[in-house]
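> The sequence and its predicted three-dimensional model are supplied below.
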Amino acid sequence: MRKRVDRCWLIAPLFLIALACDQAPLNSPVAPTPSGGNTPPSEAPATISGTVVTNSAASTILSRDAADLPTTVSVEGTNLSASIMPNGSFMLAGVPAGDVRLRFTGPRIDATLKLSGLQPGQVVTITVLVSGSSAVLQGSPHPGDTKVELEGLIEAIQPASRSFTLQGRTVRVTDTTEIRHGSRVLTFSDLHVGDRVHVRGTPESTIVVASRIELQNPGGPGPNPQPQPNEVKLHGVVSSLGGTCPSLTFNVGSQQIVTNGSTRFEHGSCADLRNGQAVEVEGVRQGDGSVLAREIEREEDEHEAEAEIEGAISALSGSCPTLSFLVAGKPVVTNSATRYDKTSCGELRNGLRVEVKGARQSNGSILATRVKREG
């Protein structure tokens, strides 16, 4: 009997040693969560809208040999990717907040660019100079880049402070906040807990001050609206545009969109629609699978505001009145409507310091309305 007990005492330490060997040290580092993991529900992902330019002045990628062009942009460490349109534009939705690294690839292109400090719900617009293995951010992100977009169900409403809770964040409604359901103008009192809304606004400390709220209940305002069948809402980039106004056909992703005389256009007209343009489409799915658009909103118009920059001209090319050049790293183009102050089109040269005023275009360039010589 003693021998059997002795054997147990001999085996037990070995078993304990095996268990101890299988345990990680208490101070061992925790394996990092992969960057492609799911974004916490309380943090809305960011959106990156961009334009690729080449090292040929302010031209877009259309001016280069096809083999030298990037065709795809992706977020390293995730499965997010997007095609780069012929005019150089791209859009990445669902980008995790924090620091990310974009990778641009093509037949002779493999370049990366780091973007730091993306905020939840932030919409960032960038212009990237890509060549070979190099990707360089051109200038600073557009002034609108601090805007936040949130979407989901209203969780609580605070009437006294004219605010509500969405995705765990407080959204404040001011006297200038635009509230709509389609073309119908609403008020704060039309919002209810459980309503699905899309909010655009500006972060202030721990809250979001809403500039626009879109009620997305298919049946309209009310705590329990009745959904309408086949309602569709899409965000994406226009491609394969064809037809003539008012009857157009185009794709958003793989979805075919058609328009007619009843289609409403926000921030532009039917004739302003073009390939590579970011849009939001609301409509009704038809029997053939296409979507008849009820409303089309040009999303990039938020970034087509007046621009003013100053600095020395570089990378000047073209001939008057159509020139292209860089000022402070930003692409500038001129046309026959451009006015000149203290200089002329023919007197522009590399190194000349100028002040440029104009309108920011969808490809990231500035169409100059005035060029003023400094000094």
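Done, it's in.
> and residue 321, how many residues sit next to it?
When neighbours are defined as other Cβ atoms under 10 Å, residue 321 has 13 of them. Glycine gets a C-beta too; all of them are placed from N, C-alpha and C.
> make that residue 116, sorry
Neighbour number of residue 116 under other Cβ under 10 Å is 8.
> ok, now how distant is it from residue 137?
11 Å (Cβ to Cβ, to the nearest Å).
> Residue 232 now?
Distance, residue 232 to residue 137, by Cβ to Cβ: 35 Å.
> now residue 279
Counting by Cβ to Cβ - residue 279 and residue 137 are separated by 25 Å.
> more crowded one of the two?
Shown here are residue 279 and residue 137; by other Cβ under 10 Å, residue 279 has more neighbours (23 against 16).
> From what I see, the more buried one and residue 298 are in contact.
Yes. Using Cβ atoms under 8 Å, residue 279 is in contact with residue 298, at 5.9 Å.
> any shared contact partners between the two?
Listed as contacting both residue 279 and residue 298 by Cβ atoms under 8 Å, 6 or more residues apart in numbering are residue 273.
> mind giving me the domain split of the chain?
Annotated domains of the chain cover 46-144, 147-215, 231-302, 306-373 [automatic domain parsing].
> Turn the ones you listed into a markdown table, including mean pLDDT and distance to residue 221.
Output for those, formatted as a markdown table (pLDDT from 0 to 100; distance: least, Cβ to Cβ, whole Å):
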| stretch | mean pLDDT | distance to residue 221 |
| --- | --- | --- |
| domain 46-144 | 78 | 24 |
| domain 147-215 | 86 | 4 |
| domain 231-302 | 84 | 15 |
| domain 306-373 | 87 | 33 |
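> Residue 272: how many residues sit nearby?
13.
> mind listing what the spatially closest residue to it that is not a sequence neighbour touches?
Nearest residue to residue 272 in three dimensions, chain neighbours excluded: residue 298, at 6.9 Å (Cβ to Cβ, 6 or more residues apart in numbering). Counting by Cβ under 8 Å, 6+ apart, residue 298 makes contact with 265, 266, 267, 268, 272, 273, 277, 278, 279.
> The third one and residue 297 touch, don't they?
Yes. With contacts defined as Cβ under 8 Å, residue 267 counts as touching residue 297 at a distance of 6.3 Å.
> Comparing the two, which residue is more hemmed in?
Higher neighbour count among residue 267 and residue 297: residue 297, with 17 against 14, using other Cβ under 10 Å.
> Tell me which helix or strand the more buried one sits in.
Here residue 297, judged by DSSP states H and E, is contained in strand 291-298.
> Paired strands for that strand, with orientation please.
According to DSSP bridges, strand 291-298 forms sheet pairs with strand 255-258 (parallel), strand 264-266 (parallel), strand 278-285 (antiparallel).
> From the rest of the structure, what touches the first one?
If I follow you right, that is strand 255-258. Strand 255-258 is contacted from outside by 232, 234, 236, 247-251, 281, 283, 286, 289-293, 296, using Cβ under 8 Å, 6+ apart.
> List only those of these flagged as buried.
Taking 16 or more other Cβ atoms under 10 Å as the criterion, what is buried in the contacts of strand 255-258 is 232, 234, 236, 248, 250-251, 281, 283, 290-293, 296.
> could these be laid out in JSON lines, adding distance to residue 49?
Listed next are these as JSON lines, based on distance: Cβ to Cβ, whole Å:
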{"residue": "232", "distance to residue 49": "22"}
{"residue": "234", "distance to residue 49": "16"}
{"residue": "236", "distance to residue 49": "11"}
{"residue": "248", "distance to residue 49": "22"}
{"residue": "250", "distance to residue 49": "18"}
{"residue": "251", "distance to residue 49": "18"}
{"residue": "281", "distance to residue 49": "16"}
{"residue": "283", "distance to residue 49": "22"}
{"residue": "290", "distance to residue 49": "26"}
{"residue": "291", "distance to residue 49": "22"}
{"residue": "292", "distance to residue 49": "26"}
{"residue": "293", "distance to residue 49": "21"}
{"residue": "296", "distance to residue 49": "17"}
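> any idea which of those is closest to residue 151?
residue 234 (13.3 Å; Cβ to Cβ).
> State whether that closest one is indeed within a strand.
Yes. Under DSSP: H, G, I helix; E, B strand; the rest coil, residue 234 falls within a strand.
> and it, what is it in contact with?
With Cβ under 8 Å, 6+ apart, residue 234 has these contacts: 252, 253, 255, 257, 280, 281, 291.
> what's the nearest residue to the last one if we skip its chain neighbours?
Put plainly, it is residue 291. With Cβ to Cβ, 6+ apart as the criterion, residue 291 has its nearest non-adjacent residue at 4.4 Å, and that residue is residue 283.
> Write a PyMOL command that selects only the buried members of the contacts of residue 234.
Command for PyMOL that selects the buried part of the contacts of residue 234, burial taken from 16+ other Cβ under 10 Å:
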select buried, resi 252+255+257+280+281+291
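> quick revisit: who does the residue nearest to residue 291 form a beta bridge with?
For residue 283, the beta-bridge partners are residue 232, residue 293 (DSSP bridges).
> Residue 262 is in what secondary structure piece?
Per DSSP H and E, residue 262 falls between elements, in no helix or strand.
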